[in-house]
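A.B. asks: curious how this folds, go ahead:
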Amino acid sequence: MAIDLTGLNAAELEALAKDIEARKVEVEKEAKQNAYSEMLAIADKHGVSFEDVIALHGGKSRKSGTKAPAKYANPNDASQTWTGRGRKPAWVHEALKAGKSIEDLEI
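C.D. replies: As a prediction, the model looks like this:
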């Protein structure tokens with residue numbers, strides 16, 4: 001399918017581009033709805049609910065709400081701790097600059 005765009009001015013091209021973007025969104029929504037309908041039909045064919053299938057595989061994601069135990073504490077303020085993961089807190093940088101080693105900060 002070829003569309004001749006050579007006769008269109010800038011405003012017409014811009015309007016066409018907006019129409020194309022809107023249609024792309026519609027097509028994506030339709031595809032998702034079709035996929036969902038097919039998944040419901042497959043679950044029904046097997047005699048299970050779609051929600052049960054999703055719940056069965058929902059546990060494979062990363063655990064939420066569980067924090068790693070703290071490995072390091074600020075010697076000047078024990079309420080400031082760090083697990084050793086991610087960026088070092090400012091108090092760790094300050095302690096290291098002051099000549100302490102990371103082992104000195106271990107809990």
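A.B. asks: now the helix or strand containing residue 31: buried residues?
C.D. replies: Element membership of residue 31 [criterion: DSSP states H and E] is helix 10-45. Neighbour-count burial for helix 10-45, counted by 16 or more other C-beta atoms under 10 Å, picks out residue 43. Backbone N, C-alpha and C define where each C-beta goes, glycine included.
A.B. asks: poorly predicted segments of this protein, please.
C.D. replies: 59-65 (pLDDT under 70).
A.B. asks: now do the lengthiest strand in it: everything it contacts.
C.D. replies: Longest strand of the chain, by residue count under DSSP state E: strand 77-82. Here strand 77-82 makes contact (C-beta atoms under 8 Å, 6 or more residues apart in numbering) with 70-74, 88-89, 91-92, 105, 107.
A.B. asks: distance between that strand and the chain's centre?
C.D. replies: 29 Å (C-alpha atoms, centre = their mean, to the nearest Å).
A.B. asks: put the alpha carbons of whatever helix or strand comes next after that strand into PDB.
C.D. replies: Sequence order places helix 90-97 as the next helix or strand after strand 77-82, per DSSP H and E. Output of helix 90-97 as PDB, limited to C-alpha atoms (Å, rounded to 0.1, in the frame of the first residue of the first chain):
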ATOM      1  CA  ALA A  90      26.800  10.400  52.800                       C
ATOM      2  CA  TRP A  91      27.800   9.400  56.300                       C
ATOM      3  CA  VAL A  92      29.700   6.400  54.800                       C
ATOM      4  CA  HIS A  93      31.600   8.700  52.500                       C
ATOM      5  CA  GLU A  94      32.400  11.100  55.400                       C
ATOM      6  CA  ALA A  95      33.600   8.300  57.600                       C
ATOM      7  CA  LEU A  96      35.900   6.900  54.800                       C
ATOM      8  CA  LYS A  97      37.300  10.400  54.200                       C
END
